[in-house]
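Trainee: Give me a model of this one.
(one chain, ligands or ions: 2)
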Amino acid sequence: MSVRPRVLVVDDDKAVRAALTVNLGKRDMDVSAVENPTLALAALTASSFDLVLTDVKMPGTSGLDLLEKIRATWPDLPVIVMTGYGSVKDAVHAMKVGASDYLIKPVERDELMVVVDRALEGRAIRAELAQLRQEVQQRYGFENLIGATAVMLRLYEEIAAVADSNATVLLEGPTGTGKELLAHALHYRSRRASKSFVRVNCGALPASLLESELFGHERGAFSGAIRQHRGTFERADGGTLLLDEIGEIDLPMQVKLLRVLENGEFQRVGGSETLTVDVRVVAATNRDLRDEVRAGRFREDLYYRLNVVRLKVPPLRDRADDIPLLVNHFVRRVAEREGRRVPSVMPDDLERLKRYPWPGNVRQLQHVVERAVILSRGDTLDFALPDDEGEDRLPAATQAAPVTPPELPLVEALLRYERNLIIAALEAEGGVQARAARRLGVSRSNLNYRIQRLGITLAGVSYS
Ligand SMILES: Nc1ncnc2c1ncn2[C@@H]1O[C@H](COP(=O)(O)OP(=O)(O)OP(=O)(O)O)[C@@H](O)[C@H]1O
Ligand SMILES: [Mg+2]
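Mentor: Numbering: from 1, shown residues only. Ligands and ions are numbered 1, 2, ... in the order given. Predicted coordinates for the structure are as follows:
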């Protein structure tokens with residue numbers, strides 16, 4: 001550690017405070033010593049420490065109470081507790097509630113040093129880990145891009161590699177795979193990040209409007225052009241322009257685009273002045289542009305001009321291992337947006353979501369999750385998929401054993417266990433669901449969801 005570690009000693013015994021201050025001071029630590037937990041909390045609030053050493057038995061608040069308060073407020077701060085020989089069970093308890101280590105009094109100097117060094121090292125390692133994690137996040141977790149499968153990591157690497165060049169990038173991939181998000185990431189990783197990122201949906205405008213949208217127009221260029229209009233190429237000067245759905249533009253427009261891509265020059269519609277801009281172009285399409293070229297719908301020269309760097313974004317079903325990450329990300333985001341507690345996702349739901357083919361890719365997944373969170377009551381999520389609508393809601397009368405794939409023995413065992421618990425609770429409460437729910441410590445609607453999912457019937461009564 002480059003700076004002197006700061007240690008806070010808490011003990012009501014003046015002699016102990018003095019001894020620890022001297023011993024730790026010799027090891028180049030910056031020691032503060034206080035005589036009770038109240039003063040300790042005040043010191044911790046006033047400045048930052050790397051380690052706390054506290055006695056357990058003190059008049060008033062005990063060291064264990066102090067430990068719990070520290071855990072709640074400074075979860076990363078290591079705490080070592082000191083107990084007498086007679087109260088080893090206090091040490092055990094302290095370890096359970098989150099002490100990093102304990103020392104038996106009277107404290108021996110060598111042991112003190114070993115334990116203190118170990119705690120400080122652990123803290124340093126955890127800090128380093130957090131730092132690394134943040135770096136990885138910055139490197140691979142571009143903005144809101146989630147995904148850690150090999151294909152996605154390669155894509156992030158490719159993006160990072162080309163971000164700083166001015167090369168035109170072509171993003172090809174099916175709808176909803178994240179092309180626009182990747183274009184954003186490319187922009188924000190580039191030297192152009194402080195300039196604008198402008199997107200034009202080339203498929204959304206008729207040819208004549210698209211031209212004036214891209215290049216702008218002079219006043220009076222056509223009826224309705226009541227004032228001069230700066231196009232997106234001008235607005236993106238110095239920055240990045242995303243030409244979205246590039247596969248949709250017609251052939252005459254392709255010629256004009258080729259020209260501006262080649263030398264950065266263009267004219268506003270109805271204008272004669274030649275304007276020059278410095279724009280990095282990213283094009284995106286869910287078509288296979290090479291097929292479009294073969295079919296004569298897309299100019300080969302423009303295709304090659306756009307295709308300096310070509311990035312293929314895979315469909316979600318080809319990176320199903322990212323689905324749990326994405327689901328949890330969206331669940332958290334929607335729950336936070338809606339100001340709700342973040343519900344947890346059941347493992348068997350994740351398995352089902354992983355198996356679904358996702359024709360609408362990440363966008364569709366996002367919508368399914370969003371809907372599940374918004375419609376959820378209590379803590380359970382019900383993911384409705386178009387093809388297996390209702391799979392989770394089999395009528396209870398079918399008296400089904402849990403619907404579980406045979407390759408998941410753990411899940412199956414847990415479901416069976418859950419089922420038995422629920423049946424026992426229902427029996428004990430004479431079949432009254434509200435009381436059974438209370439007994440099980442879940443909400444009524446949560447119990448009802450579980451009953452339906454497990455297909456529980458009892459003494460001829462179906463609980464669906
Ligand atoms: N890897 C990802 N991590 C988090 N969110 C993602 C990811 N990929 C896509 N999304 C989200 O999914 C939605 C669709 O993404 P995006 O608009 O970038 O797709 P697209 O490929 O441009 O689709 P289209 O071809 O239909 O325009 C967006 O809301 C986006 O935020
Ligand atoms: Mg898009």
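
Trainee: C-alpha from now on. contacts and neighbour counts both.
Mentor: Fine.

Trainee: so what's the nearest residue to Gly98 once chain neighbours are set aside scoring on pLDDT?
Mentor: Counting by C-alpha to C-alpha, 6 or more residues apart in numbering, Arg71 is the residue found nearest to Gly98 once chain neighbours are left out, at 7.0 Å. Per-residue pLDDT puts Arg71 at 89.

Trainee: before we move on, what about Gly431?
Mentor: At Gly431 the predicted local confidence, pLDDT, stands at 81.

Trainee: Give me the neighbour count for it.
Mentor: With neighbours defined by other C-alpha atoms under 10 Å, the count for Gly431 comes to 17.

Trainee: sec struct for it, please.
Mentor: Here Gly431 is coil, with the state taken from DSSP: H, G, I helix; E, B strand; the rest coil.

Trainee: Let me know the distance separating it from ligand 1.
Mentor: Relative to ligand 1, Gly431 is positioned 44 Å away (C-alpha to the nearest ligand atom, to the nearest Å).

Trainee: Could I get the phi/psi values of that residue?
Mentor: phi 80, psi 10 (degrees, to the nearest 10).

Trainee: Ala42: neighbour count?
Mentor: 11.

Trainee: give me the element the residue nearest to Gly98 is part of.
Mentor: Assigning secondary structure by DSSP states H and E places Arg71 in helix 63-73.

Trainee: packing partners for the helix or strand that comes right after that helix?
Mentor: Counting by DSSP H and E, the next helix or strand C-terminal to helix 63-73 is strand 79-84. The contact analysis (3 or more C-alpha pairs under 8 Å, 6 or more residues apart in numbering; DSSP states H and E) places strand 79-84 against strand 51-55, helix 88-96, strand 101-105.

Trainee: Show me which residues of the helix holding Arg71 are buried.
Mentor: 63-64, 66-68, 70-71 (16 or more other C-alpha atoms under 10 Å).

Trainee: what's the answer for stretch 46-60, then?
Mentor: 49-58.

Trainee: Closest one of those to Asp321?
Mentor: Asp50 (38.6 Å; C-alpha to C-alpha).

Trainee: what about stretch 82-100, average pLDDT?
Mentor: In this model, stretch 82-100 has a mean pLDDT of 85.

Trainee: Give me the contacts around that stretch.
Mentor: 53-57, 64, 67-68, 71, 78-81, 101-107, 119 (C-alpha atoms under 8 Å, 6 or more residues apart in numbering).

Trainee: One more: stretch 51-67?
Mentor: For stretch 51-67, the surrounding residues in contact (C-alpha under 8 Å, 6+ apart) are 5-12, 36-38, 41, 77-83, 90, 94, 97-99, 119-120.

Trainee: let's go with 6 Å and repeat that
Mentor: 7-11, 37, 78-83 (C-alpha atoms under 6 Å, 6 or more residues apart in numbering).

Trainee: Same list (the residues you listed) but as TSV, adding distance to Val331 and neighbour count.
Mentor: Shown next, in TSV, are the contacts of stretch 51-67 (distance: C-alpha to C-alpha, whole Å; neighbours: other C-alpha atoms under 10 Å):
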residue	distance to Val331	neighbour count
Val7	40	23
Leu8	40	22
Val9	43	24
Val10	43	28
Asp11	46	25
Pro37	40	26
Pro78	32	23
Val79	34	27
Ile80	38	25
Val81	39	23
Met82	43	26
Thr83	45	22
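
Trainee: out of those, who's nearest ligand 1?
Mentor: Nearest to ligand 1 among the contacts of stretch 51-67 is Pro78, at 35.3 Å by C-alpha to the nearest ligand atom.

Trainee: distance of that closest one from Pro37?
Mentor: Pro78 sits 16 Å away from Pro37, going by C-alpha to C-alpha, to the nearest Å.

Trainee: Skip the chain neighbours and tell me the closest residue to Leu311.
Mentor: Leu171 (4.9 Å).
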